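J.: sequence unavailable; structure follows:
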């Protein structure tokens, strides 16, 4: 190695040693006859010192010529520092440099390479290789590295076998939009990039692999949102001869292991909640249970008292904000404004202050007596000093609005500590969901999810009521993973495709290989997949998955650093048998 | 779990236990009032027994109805076996079944699911999920699993940081043909799938990540050969502040670790050889050094003796086959036929038998005296009893032919034990190679490889003579990995592109981001990539990489199981702004 040590490892005990360090110039200070350079590498920062009179004047002069981000190789003696820096592990020593080589110069970087940078998002993405030099960015990717290793070692120890499934697969119209890859050898035909290795992992169960895992890139050509990337990474797992409970236990184990290994955190209980309850109590299939404030349905106590808005509502629902009875008019108005935002979409907000003296003050005093409001409070388990917030309207819309309001209250009351981790299994998702646009049922999870056996008859009469052996792992209101017990016999799978509107022919063309496989001794099996980018960002206490991806794409699916996608040459298109349609 | 144990774990000490096993029917035997079933899972085989009189008749009858590859769940008592089977770890016990559930039936498989199968390649690929049930296939993928884990844990322990680089990148005309992915959001533009993460790993060095690794899928749209796949897996690594020697040491360490972990093999010395010597002594940049038989150049001793063929040859080269002087006419004729095959392409073969009595017998006795032949023998270090084989002609062609002949002799003399591993570093590859077709120099490794500093002036005068800091790891004649010390400054990189025939504009458009990055403090760095599929097949003692890939494609780049690639819908093409050219 060009160095004898890294910039992070020298301590007072090393004083007297002759060492060679390599790294980047973080800072140069030049004062009187002294020059100090902070030399940085991935492992830390070590101070170099050049003192007039102690060393050759040329060396001091050379030190003065280096700029930020120059790459240096410096040889010298480890000496105890006069002014110690207890903020860094190497802060007790410095290197009295006797030999300095500039390995590479640097132009002035387009932004300050420090946690506290002046670079905007776009600039940092264009020069991502410089952004990655910042400690906080590198630490995020180091966390990701640790989680990658910890995941694989845990699963390997549990007899999971890592199998790499193909990237060039087959396009199917089911699910999100595929990225496709034109074939040159088979002109006019296309591969697709996998949205997940779903069918392959099921085939591996048919193969008797028993337990499979892979940390794998997946692809979806969807319109992007802040937390979505066209390519993303998934921890993908499948097990044979299991019940749902076995899967929950196994992956609670993995999750606990990751918290312990990556963050040294012991998480508490993994609460289990039915999907229907999650919707009823939190208006969401991924409730944030770091705090309470469950929904209280108030229809029975508020209707038929002459207040038209409530009387006509399918749902009247409240939450109780503890100790907020003293909120000001201004605060309450702000809440009303919040729920009226187009993104939330409520028409208005009703409040009831449960005063400390036992009286009530509400925005609907015209319609409700103190006695009425007392019933509300009792229903909502509100104590004197609490504030009840009520929304009303259509069931689904109102639940969604109240979910937003509850999360907003969680923010306002600072109940959402990102490093307080509350895992939750949401169970028994509906099998199907109605799609207004295509006017048919879609698989809520995917078409391979098994319906609850005793509900199968409902498929013919009331398909929307059928539940699935499907589960999500939710942490702090974020969906971290999801999976299901799969269908493992041809007849059920064929029936499922039929209910999803596939003709026999379509089912066979797209998934014939899987249905065939089910006829050769497919074992009962189930699995789960974790969104690894999101898992990392949650572990890092951040909302942005992009920060945890080394080279992310922007919201136009572009890599602005390498300038991709880009046009390709005409002869490349010809070879693929393709032509560009004229621009619209 | 549906089972209490796997089919591989019960032993005599478990006798008396009540257990439940799940697995596949490997074999059913039905004799008199007894039925035996061999139940198989990934972990082993356990015998089930059903005995008339001992258990309900219905249960015995039920056992008789199951067929091969049925999936069963069987509960019963572990009992000592009467006729023990010492070939399997569970051979001392069997399960006296008291409850049997058929979890899934199976049609008769299209081929026998056993190591000794009757399924041809194509059939097994179509039903790859059944082929994967065969123990020898599963063992290959288990070896791959182990090597994956061992690679990552070794590199992590050596401070290598795993970073996932993007799959949707940018197409460049350099190197092999790219697979491309049309962008819907950016119509008319394309991503490319990476042939390797080369530029990204170099950027990570610029970012100060110091040591990077990734086990990563790469893609090349090339015409396929038996040992090539359109998608393949690479162990990809890069290090900063290193010399070539540091990289060789580090990856000798990794290779040794893998041999130890996966095969419990301690490999011997990693011999180092110059590229020029490899070509001179073995006619190959990947010599198989499990056996000797180095080339001996004979021009000086054979020319100017009146034998025209030799006199006109640029190279006359021999190998000495120990103890083969007694080969028959037939054997020697077969050798001549071998070298005359179009794949080898020699015009003929000259031999010299060094007889046990000290005399010589050659196919060119007309031109050479016993004294002449003695000189040859002395040159070739041939002893009495040895056979010298000689080829002649143009330098490069003759070396290639002799390389083939030497390897063929290795086969005939059984010197190529696949489990005798002889690693070799081939060093100092040429920087450039002349391409007849395009009439220009191409980078032999890739355009980011650094030339030997003292040979840089030759770039202007005799570019073919410039060597690079580039190295390959070769084991048993197979190129396992290759890498180089990279260029890390803009000026050298720009000069390199110029010599490769890039205009300034082309260089900037395709690799501007990398050249820009070199201006912001790029450290000296280098790396290596291992072909992981090939590494696995070599560890498994096999020539076929396809056997070590769970779902390989055939030589037409098709996945015959899922039937991919396949046509896509017109509206999908429309969305991408593409049209198919009419078929030629």
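T.: Looks like it came in fine. This structure is a prediction, so every number in the text was calculated from the model and none was measured. Residues are numbered from 1 along each chain as shown, chains lettered A, B, ... in the order given.
J.: can you pull out the strands in the stretch 51-200 of chain A?
T.: A:71-80, A:93-104, A:161-162, A:180-182, A:190-192 (DSSP state E, counting those that start in this stretch).
J.: can I get those in CSV with distance to chain B and mean neighbour count?
T.: Just so you know, the C-beta spots here come from the backbone N, C-alpha and C atoms, and that holds for glycine as well. Shown next, in CSV, are the strands of the stretch 51-200 of chain A (distance: least, CB to the nearest CB, whole Å; neighbours: other CB atoms under 10 Å in any protein chain shown):
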stretch, distance to chain B, mean neighbour count
strand A:71-80, 5, 20
strand A:93-104, 5, 20
strand A:161-162, 5, 22
strand A:180-182, 5, 26
strand A:190-192, 5, 27
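J.: to residue B:67, which of those strands lies closest?
T.: strand A:161-162 (26.9 Å; CB to CB).
J.: quick one on the thing from earlier: mean pLDDT for the strands of the stretch 51-200 of chain A - can I get that in a markdown table?
T.: Shown next, in a markdown table, are the strands of the stretch 51-200 of chain A (pLDDT from 0 to 100):
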| stretch | mean pLDDT |
| --- | --- |
| strand A:71-80 | 98 |
| strand A:93-104 | 97 |
| strand A:161-162 | 98 |
| strand A:180-182 | 97 |
| strand A:190-192 | 97 |
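J.: residue A:442 in helix, strand or coil?
T.: Of the three states, residue A:442 takes strand under DSSP: H, G, I helix; E, B strand; the rest coil.
J.: list the contacts of it.
T.: With contact taken as CB atoms under 8 Å, 6 or more residues apart in numbering or on different chains, residue A:442 is in contact with A:432, A:433, A:434, A:435, A:500.
J.: now it: how far from chain B?
T.: 18 Å (CB to the nearest CB, to the nearest Å).
J.: residue A:132 now?
T.: For residue A:132, the distance to chain B equals 4 Å [CB to the nearest CB].
J.: got the contact list for residue A:81?
T.: A:47, A:91, A:92, A:93, A:94.
J.: near chain B at all, the longest strand seen in chain A?
T.: Taking DSSP state E as the assignment, the strand of chain A that covers the most residues is strand A:18-31. Yes. Strand A:18-31 reaches chain B (CB under 8 Å from any CB of the partner chain) through A:22, A:23, A:24, A:25.
J.: please parse chain A into its domains.
T.: Annotated domains of chain A cover A:12-104, A:138-273+A:422-549, A:291-412 [automatic domain parsing].
J.: hey, which of those domains is tucked in deepest?
T.: Most buried of the domains of chain A, by mean neighbour count (mean count of other CB atoms under 10 Å in any protein chain shown): domain A:138-273+A:422-549, with a mean of 20.
J.: for that domain, measure first residue to last.
T.: End-to-end distance for domain A:138-273+A:422-549, by CA to CA, to the nearest Å: 10 Å.
J.: can you put the strands of the stretch 51-200 of chain A in a markdown table and add distance to residue A:476?
T.: A markdown table is the format used below for those (distance: least, CB to CB, whole Å):
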| stretch | distance to residue A:476 |
| --- | --- |
| strand A:71-80 | 41 |
| strand A:93-104 | 42 |
| strand A:161-162 | 29 |
| strand A:180-182 | 36 |
| strand A:190-192 | 34 |
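J.: which of the residues of strand A:18-31 next to chain B sits closest to chain B?
T.: Comparing the residues of strand A:18-31 next to chain B against chain B with CB to the nearest CB places residue A:22 closest, at 4.4 Å.
J.: tell me the bridge partners for the closest one.
T.: residue A:73 (DSSP bridges).
J.: contacting residues around it?
T.: A:2, A:3, A:41, A:71, A:72, A:73, A:74, A:103, B:240, B:241, B:523.
J.: so the fifth one touches residue A:100, yeah?
T.: Yes. With contact defined as CB atoms under 8 Å, residue A:72 counts as touching residue A:100 (6.4 Å).
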